[in-house]
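Q: After the sequence you'll find the predicted model.
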Amino acid sequence: MVKEFMEKVIQKNPGEIEFHQAVREVVESLESYLKNNPEYMEKKILQRIVEPERVIIFRVPWIDDQGEICVNRGFRIEMSSAIGPYKGGLRFHPTVNLGILKFLAFEQVFKNSLTGLPMGGGKGGSDFDPKGKSDNEVMRFCQSFMTELSRHIGPDTDVPAGDIGVGGREIGYMFGQYKRLRNEFTGVLTGKGLGWGGSLIRPEATGYGAVFLACEMLKTRNESIKGKVCTVSGSGNVAQYTIKKLLQLGAKPVTLSDSNGFIHDPAGIDEKKLQFVLELKNIKRGRIKEYADKFNCEYYEGKRPWGIKCDMAFPSATQNEINKQDAETLVKNGCICITEGANMPSTPEAIEVFISGKILYGPGKAANAGGVATSGLEMSQNSLRLSWTREEVEKRLHDIMINIHETCAKYGKEPDGFINYVNGANIGGFVKVADAMIDQGLV
C-alpha cells in the first residue's frame, strides 16, 4: 500500500522532497492500523489529508534602505480545518519553498491534533531573509507581506504564528498592519507582545514542552532527567528555553549551535552563560562562536554536536540535521533519549537507528507541540479577553505534554512493551482528524 500510495503523491507533487518524506513516515505508521480500520480507506481519508485545502502564493514587493525595489514570494498553506481554524507558523528564510511549507503544514495537522485543542493545520512564510536587514527594512517587508495575507486569515479562519526568522519584532509589524487594514483588534496572530494580547510562557513553550515530554519518556524506564548530560542544537528560541528548563530540572546542557558550527562547554551551560546567549542571539544577533571566545571552550566550525558524548539529545535547529551516521554515533556513545525540538530534524535512516536500538525517541510532532499548544492557549485568552498567570499557563502546557505522551503510548506500545513514539504520534494525531472529516462529510 505504501509504495503505490507514495508513487501517486510523488507524481502529483514533483520535487517536494521534504513533503514526500513527511507523508511517507505517516503512511508507514498508519499501514497496519488502516488495514484493521477499513472505514478510513473506504472514505479515502489518506488521499484527502495529503491534499491541502488551499494553497496561496503571492508576490511581496518592498523597498530597501537604498530605495531599491525588492521582490520576494509569499506563501500560506491551509492544510486542514477539520478540527479548528488553520494554525501554524510563518517562516522567513531563503530556503522557503512550496515543498518545505507543505511538509511543515502536513506535520502541523497531526501536531495540533495531539494537543487536544481545536486547531487545524497550516504553515506559511517567504523566501525573505531578515538576517542583516535593518528594522525599517523588516517592517516594510512585513507590512507588504501582511497586506496580501490579511485577505486570507482571521481569528476564526487561520491564525499564523512565528517560526524561523519570525520573532516578536516581525509578529508586531504584521499585527500592526493587519489591525490597520481591517480596523479591528483581534487574536489573528499568536506570539504577540505581552502588552497587546500575548501570552506568558509563549516564547519558552516549545523548549519547555520538549523537556516535559522527555521527562515523561524517561519515567517509562524509571529514569530521571536530573544529572543527565544533554546536547542541544540550535541557539534560537527553542534551544534557549530547552536549556533553561533543563537547568531548572537539574540536567547539564553542554552544546549550542548555529549555521556556522557548534560550541561544546564540558563545564555545562549555566544560567549566567545562558543569559549571555539570550543577549547574543536575541539582541545583538551575533554568532555562537562568540560564546566559545568568551567562556574559553571548544568551537567546531561547520559541524553539528552529535559526536559529543551525552545521555540525552535535543535537536532544536532545523529539518534533517541528524543523519544515519550521527544517529549511530549517538547510540554508540550511550545516548538514551532523543527529543526533537525542531520539525523533522532526523532523517528516515536516523529514525530507523533509534527505533531499532529501542531507545527513547520523541518525534517533533509530539515533542515540539508545546509551542503551538501555548499558541492555542493564547487564542483562548484572546477570545476571553483576559490573561492567565505564568504558573497557570505553564501548568496547562505541562498537562498538555503529559496527555500527548499518553496518546503516543496508547497507540505506539508494542507487544514487548517498547513504545514506538513515531507510530503513536502519527496514529493518535490521525484518528482525531480523520474522524472529524468523516463526521463532516465530503470536505
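A: Arrived safely, thanks for sending. Numbers count the residues shown, from 1 in each chain.

Q: how many neighbours does the nearest residue to residue 212 once chain neighbours are set aside have?
A: In space, not counting the residues next to it along the chain, residue 212 is nearest to residue 401; the distance is 4.0 Å by C-beta to C-beta, 6 or more residues apart in numbering. Every residue, glycine included, has its C-beta placed from N, CA and C. Residues near residue 401, counting by other C-beta atoms under 10 Å, number 27.

Q: Go ahead and confirm residue 401 touches residue 216.
A: Yes - counting by C-beta atoms under 8 Å, residue 216 is a contact partner of residue 401 at 6.9 Å.

Q: domains for the chain, by residue range?
A: Following automatic domain parsing, one gets these domains for the chain: 1-49+422-443, 52-184, 205-367.

Q: Show me where the protein has its strands.
A: Counting by DSSP state E, the chain has strands at residues 54-63, 69-80, 86-92, 121-126, 158-162, 229-232, 252-253, 255-258, 261-264, 298-301, 312-314, 337-339, 360-362.

Q: Turn these into a markdown table, columns for distance to residue 132 and mean pLDDT.
A: Formatted as a markdown table, the strands of the chain follow (distance: least, C-beta to C-beta, whole Å; pLDDT from 0 to 100):
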| stretch | distance to residue 132 | mean pLDDT |
| --- | --- | --- |
| strand 54-63 | 15 | 98 |
| strand 69-80 | 13 | 98 |
| strand 86-92 | 12 | 97 |
| strand 121-126 | 16 | 98 |
| strand 158-162 | 19 | 96 |
| strand 229-232 | 25 | 98 |
| strand 252-253 | 29 | 98 |
| strand 255-258 | 14 | 97 |
| strand 261-264 | 19 | 98 |
| strand 298-301 | 20 | 97 |
| strand 312-314 | 28 | 98 |
| strand 337-339 | 32 | 98 |
| strand 360-362 | 34 | 98 |
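
Q: Reformat those strands into CSV and put distance to residue 6 and mean neighbour count next to each item.
A: Shown next, in CSV, are the strands of the chain (distance: least, C-beta to C-beta, whole Å; neighbours: other C-beta atoms under 10 Å):
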stretch, distance to residue 6, mean neighbour count
strand 54-63, 20, 15
strand 69-80, 18, 20
strand 86-92, 24, 28
strand 121-126, 20, 30
strand 158-162, 29, 25
strand 229-232, 33, 26
strand 252-253, 38, 23
strand 255-258, 32, 27
strand 261-264, 34, 22
strand 298-301, 37, 14
strand 312-314, 29, 31
strand 337-339, 25, 29
strand 360-362, 23, 25
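
Q: And stretch 309-318, what's buried?
A: Within stretch 309-318, the residues scored as buried using 16 or more other C-beta atoms under 10 Å are 310-318.

Q: Endpoints of it, how far apart?
A: Using C-alpha to C-alpha, to the nearest Å, one end of stretch 309-318 lies 21 Å from the other.

Q: Let's have the buried residues of stretch 309-318 in CSV, adding distance to residue 87.
A: Putting the buried residues of stretch 309-318 into CSV (distance: C-beta to C-beta, whole Å) gives the following:
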residue, distance to residue 87
310, 33
311, 34
312, 29
313, 28
314, 24
315, 23
316, 21
317, 23
318, 21
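
Q: Tell me the one of those nearest residue 95?
A: residue 318 (8.6 Å; C-beta to C-beta).

Q: shouldn't the closest one be in contact with residue 345?
A: Yes - contact between residue 318 and residue 345 holds when scored by C-beta under 8 Å: they sit 6.7 Å apart.

Q: closest one to residue 197 among the strands of the chain?
A: Set against residue 197 and scored by C-beta to C-beta, the strands of the chain come closest in strand 158-162, at 11.7 Å.

Q: related to what we said a few turns ago, looking at the buried residues of stretch 309-318, which two lie furthest apart in space?
A: The widest separation within these (C-beta to C-beta) is 23.2 Å, between 311 and 318.

Q: And for residue 404, the neighbour number?
A: Residue 404 has 30 nearby residues by other C-beta under 10 Å.

Q: which residues does it contact?
A: 114-115, 213, 366, 369, 425 (C-beta atoms under 8 Å, 6 or more residues apart in numbering).

Q: What ranges does the stretch 1-150 of the chain have for its helices?
A: Here the stretch 1-150 of the chain has its helices, by DSSP state H, counting those that start in this stretch, at 2-12, 17-36, 39-42, 45-49, 98-115, 135-149.

Q: other SSEs contacting the longest one?
A: What it means is helix 17-36. helix 2-12, helix 45-49, helix 98-115, helix 348-356, helix 421-439 (3 or more C-beta pairs under 8 Å, 6 or more residues apart in numbering; DSSP states H and E).

Q: So which of the ones you listed is the most surrounded?
A: Stretch with highest mean neighbour count among the helices and strands packed on helix 17-36: helix 98-115 (a mean of 26; mean count of other C-beta atoms under 10 Å).

Q: That one to helix 421-439, inter-axis angle?
A: Relative orientation of helix 98-115 versus helix 421-439 (axes from the mean of the first three to the mean of the last three C-alpha atoms, to 10 degrees): 90 degrees.

Q: mind listing what the spatially closest residue to residue 393 that is not a sequence neighbour touches?
A: With sequence-adjacent residues excluded and distances taken as C-beta to C-beta, 6+ apart, residue 393 is closest to residue 201, at 4.3 Å. When the contact criterion is C-beta under 8 Å, 6+ apart, the partners of residue 201 are 208, 374, 390, 393-394, 397.

Q: same check, this time on residue 126
A: Counted by C-beta under 8 Å, 6+ apart, residue 126 has contacts 60, 72-75, 90-92, 96, 141, 145.

Q: contacting residues around residue 112?
A: Contact analysis of residue 112 by C-beta under 8 Å, 6+ apart lists 83-84, 87-88, 119-121, 369, 372, 376.

Q: List the contacts of the spatially closest residue to it that is not a sequence neighbour.
A: Closest residue to residue 112 apart from its sequence neighbours, by C-beta to C-beta, 6+ apart: residue 119 at 4.1 Å. Residue 119 sits next to 83-85, 87, 112, 159, 372, 375-376, 379 when contact means C-beta under 8 Å, 6+ apart.

Q: Any of those residues buried? List them.
A: Buried among those (16+ other C-beta under 10 Å): 83-85, 87, 112, 159, 372, 375-376, 379.

Q: Dump those to a markdown table, plus distance to residue 43.
A: Shown next, in a markdown table, are the buried ones among the contacts of residue 119 (distance: C-beta to C-beta, whole Å):
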| residue | distance to residue 43 |
| --- | --- |
| 83 | 16 |
| 84 | 20 |
| 85 | 23 |
| 87 | 24 |
| 112 | 21 |
| 159 | 28 |
| 372 | 27 |
| 375 | 30 |
| 376 | 27 |
| 379 | 29 |
